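In: My questions concern the predicted model and sequence given below.
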Amino acid sequence: MKLEEYKVYFSFPDARILWWRFSNTKGPVKVDVYRSQSPEELEKIAENVEEPFYYDMVPVSDRFVNFYYKIVAKDDISQVESEPTLLPFPPHPIAKSVVKMERHYLEKFIKRRANYYIRKRYGERCIYCWDEIKMRTVKENCENCYGTGFVGGYYKPIGIYIQIMPLVRASVLSPIGETKPDETQAWMSNFPLATPGDLIVEVDLGYRWRVVASTPFVFQGYITRQDLRLSLIDVDAIEYKLDRRTEP
Ligand SMILES: [Zn+2]
């Protein structure tokens with residue numbers, strides 16, 4: 001297996017997020033997380049994490065206290081580890097307050113609650129529809145993996161607040177063809193990091209959206225918010241069978 005991407009970033013309030021992505025995995029992937037103030041002596045703080053992220057809530061009173069984080073991941077046949085990684089620099093007070101203000105705006109004024117489902121991109125393959133020889137799913141509307149080819153399809157949902165713009169019903173015959181039917185713009189805070197293919201389920205309206213594109217906004221080296229392009233999923237699609245397990 002290969003570690004494709006590994007990020008450590010700050011999120012409000014005082015939490016550090018570790019974020020990773022692997023490729024060429026074989027079977028389920030388990031990740032151990034290490035932390036330290038020195039890159040030489042790391043202490044294990046979490047074991048067998050299955051989600052592609054870890055949320056470290058260690059309270060830090062002094063913003064000049066730095067932590068290094070390292071991950072060690074295992075699948076059925078191999079093991080990889082990251083370099084000990086530090087935040088780019090201690091969270092700047094202005095970057096912190098930008099994250100805080102935007103979160104406050106979404107929670108208190110927009111009030112649009114949603115559950116964010118990160119799509120599984122590695123792990124245990126679905127036994128009902130995954131064809132090992134063809135290397136693709138061979139059954140439509142599989143309720144075991146929701147068309148992803150991985151057991152369960154998505155990780156446990158994360159409660160978020162989001163601003164979604166009104167849906168643009170563009171003509172398919174448009175000569176410009178810039179906007180596809182049933183796509184719209186949205187934005188959310190910096191956690192979780194959005195990746196095309198993920199799913200957003202609105203709590204009050206029940207709409208289900210696919211993330212088509214995401215653009216993180218970076219201020220003073222920190223991700224403060226993310227602009228998204230979303231596409232509305234058809235009501236008869238398999239994604240509507242995915243349960244609602246948490247509320248934000
Ligand atoms: Zn399946």
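Out: Yes, it's here.
In: who's in contact with the helix or strand bottoming out on mean pLDDT in the chain?
Out: The helix or strand of the chain with the poorest confidence is strand 85-86; it has a mean of 82 (mean pLDDT, DSSP states H and E). Identification of contacts with strand 85-86 by CB atoms under 8 Å, 6 or more residues apart in numbering yields 6, 8, 39, 66-70. Just so you know, the C-beta spots here come from the backbone N, C-alpha and C atoms, and that holds for glycine as well.
In: interface residues of this structure facing the ion?
Out: With CB under 5 Å from the ion as the criterion, the chain comes near the ion at residues 126, 128-129, 142, 144-145.
In: among those residues, who's most crowded?
Out: residue 145 (23 neighbours; other CB atoms under 10 Å).
In: any idea how far the closest residue to it other than its chain neighbours is from residue 21?
Out: Ranked by CB to CB, 6 or more residues apart in numbering and with sequence neighbours excluded, the top spatial neighbour of residue 145 is residue 126, at 3.7 Å. Applying CB to CB, to the nearest Å, the value for residue 126 to residue 21 is 20 Å.
In: now swap in residue 167 and tell me
Out: Distance, residue 167 to residue 21, using CB to CB: 30 Å.
In: What of residue 242?
Out: Using CB to CB, one obtains 22 Å as the distance from residue 242 to residue 21.
In: quick revisit: contact partners for the residue nearest to residue 145?
Out: Residue 126 makes contacts with 137, 142, 144-145, 148-151, as judged by CB under 8 Å, 6+ apart.
In: Any chance of the backbone angles for residue 94?
Out: phi -70, psi -40 (degrees, to the nearest 10).
In: correction: residue 218
Out: Dihedral pair for residue 218: phi -110, psi 130, per degrees, to the nearest 10.
In: Tell me how many other residues crowd residue 95.
Out: Applying other CB under 10 Å, we find 20 residues neighbouring residue 95.
In: check contacts around it.
Out: For residue 95, the contact set (CB under 8 Å, 6+ apart) comprises 10, 219-222, 224.
In: Which ChimeraX command selects the buried ones in the residues you listed?
Out: A single ChimeraX command suffices to select whichever of these are buried according to 16 or more other CB atoms under 10 Å:
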select :10,222,224
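In: before we move on, the earlier item: just send the residues of the chain next to the ion back as a markdown table, with secondary structure and pLDDT too.
Out: A markdown table is the format used below for the residues of the chain next to the ion (DSSP: H, G, I helix; E, B strand; the rest coil; pLDDT from 0 to 100):
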| residue | secondary structure | pLDDT |
| --- | --- | --- |
| 126 | coil | 93 |
| 128 | coil | 92 |
| 129 | coil | 91 |
| 142 | coil | 92 |
| 144 | coil | 92 |
| 145 | coil | 93 |
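In: The closest residue to residue 35 other than its chain neighbours: which element?
Out: Nearest residue to residue 35, sequence neighbours excluded (CB to CB, 6+ apart): residue 45, at 4.8 Å. Using DSSP states H and E, residue 45 maps to strand 43-49.
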